[in-house]
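S.K.: When you get a sec, could you give me coordinates for this:
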Amino acid sequence: MVAEHVTPAVEAILLVAEDPLPAELLARLVGTTVAEIEEVCSTLVDEYAADERGFVLARVAGGYRYQTAPEQAPYVERYVLEGQSSRLSAAALETLAVVAYKQPVSRNQISAIRGVTVDGVMRTLQQRGYVDEVARDPGPGQAVLYGTTPAFLERLGLDSVGDLPPLGEFFPDTAVVEALERGLRVVDDDDDTTGRPG
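M.R.: Reported below is the predicted structural model:
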């Protein structure tokens with residue numbers, strides 16, 4: 001049986017927390033067990049969903065936090081984007097995707113994948129708090145290796161990098177690739193069988 005003070009205490013703490021809070025920390029703050037915190041959070045998740053609230057209790061980046069309900073996205077986007085000018089560029093989003101899927105990865109590796117220098121974009125992503133130095137390459141030169149941060153997971157609403165969608169979902173199937181290749185082949189005049197004048 002969960003003590004009466006636990007649920008309102010958890011709600012109050014999560015309401016003022018800026019970052020997702022792990023169950024272990026909540027248990028220490030409230031003076032209960034991790035199992036009870038998990039039970040309380042699970043109950044709150046169900047209650048908010050049943051009440052069709054405009055917010056949910058979500059498990060992201062290894063902890064719990066309040067966030068807006070997904071079905072309220074159009075209204076929240078309208079609010080957030082009103083006068084918003086600090087969106088990430090396409091180059092930054094591409095670079096962030098490379099880091100997310102290939103981490104830990106060096107700047108040179110990212111540049112090789114993207115085909116352009118990424119120094120400026122990486123600085124932007126670090127300033128925004130989405131990527132950070134996570135290790136050093138043990139090879140010659142000991143290049144800095146980068147990875148995503150908890151802020152990245154929080155922003156995407158993910159609990160871990162393992163929750164990223166598989167890359168295969170973004171590639172066309174082999175039939176589409178073959179059709180594209182056929183459409184891009186150059187036809188020699190000698191091989192032209194269309195009957196057009198040469």
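
S.K.: only C-alpha atoms for contact and neighbour calcs from this point on.
M.R.: Noted.

S.K.: May I see the buried residues of the longest helix seen in the chain?
M.R.: Longest helix in the chain, counting residues (DSSP state H): helix 34-50. Judged by neighbour count using 16 or more other Cα atoms under 10 Å, the buried positions of helix 34-50 are 34, 36-38, 40-41, 44-45.

S.K.: May I have that helix exported as PDB, CA atoms only?
M.R.: In PDB, the C-alpha atoms belonging to helix 34-50 read as follows (Å, rounded to 0.1, in the frame of the first residue of the first chain):
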ATOM      1  CA  VAL A  34      11.700   2.700  -6.300                       C
ATOM      2  CA  ALA A  35       9.000   0.100  -6.700                       C
ATOM      3  CA  GLU A  36       6.400   2.400  -5.100                       C
ATOM      4  CA  ILE A  37       7.500   5.300  -7.300                       C
ATOM      5  CA  GLU A  38       7.100   3.100 -10.400                       C
ATOM      6  CA  GLU A  39       3.600   2.000  -9.200                       C
ATOM      7  CA  VAL A  40       2.600   5.600  -8.500                       C
ATOM      8  CA  CYS A  41       3.900   6.900 -11.900                       C
ATOM      9  CA  SER A  42       2.100   4.000 -13.700                       C
ATOM     10  CA  THR A  43      -1.100   4.800 -11.900                       C
ATOM     11  CA  LEU A  44      -0.800   8.500 -12.800                       C
ATOM     12  CA  VAL A  45      -0.100   7.700 -16.500                       C
ATOM     13  CA  ASP A  46      -3.300   5.700 -16.600                       C
ATOM     14  CA  GLU A  47      -5.400   8.300 -14.700                       C
ATOM     15  CA  TYR A  48      -4.300  11.200 -17.000                       C
ATOM     16  CA  ALA A  49      -5.000   9.100 -20.100                       C
ATOM     17  CA  ALA A  50      -8.500   8.100 -18.800                       C
END
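
S.K.: tell me the mean pLDDT over that helix?
M.R.: Throughout helix 34-50, pLDDT has a mean value of 94.

S.K.: now do stretch 114-127
M.R.: Stretch 114-127 comes out at a mean pLDDT of 89.

S.K.: what's it in contact with?
M.R.: 91-92, 94-96, 107, 110-111, 131-132 (Cα atoms under 8 Å, 6 or more residues apart in numbering).
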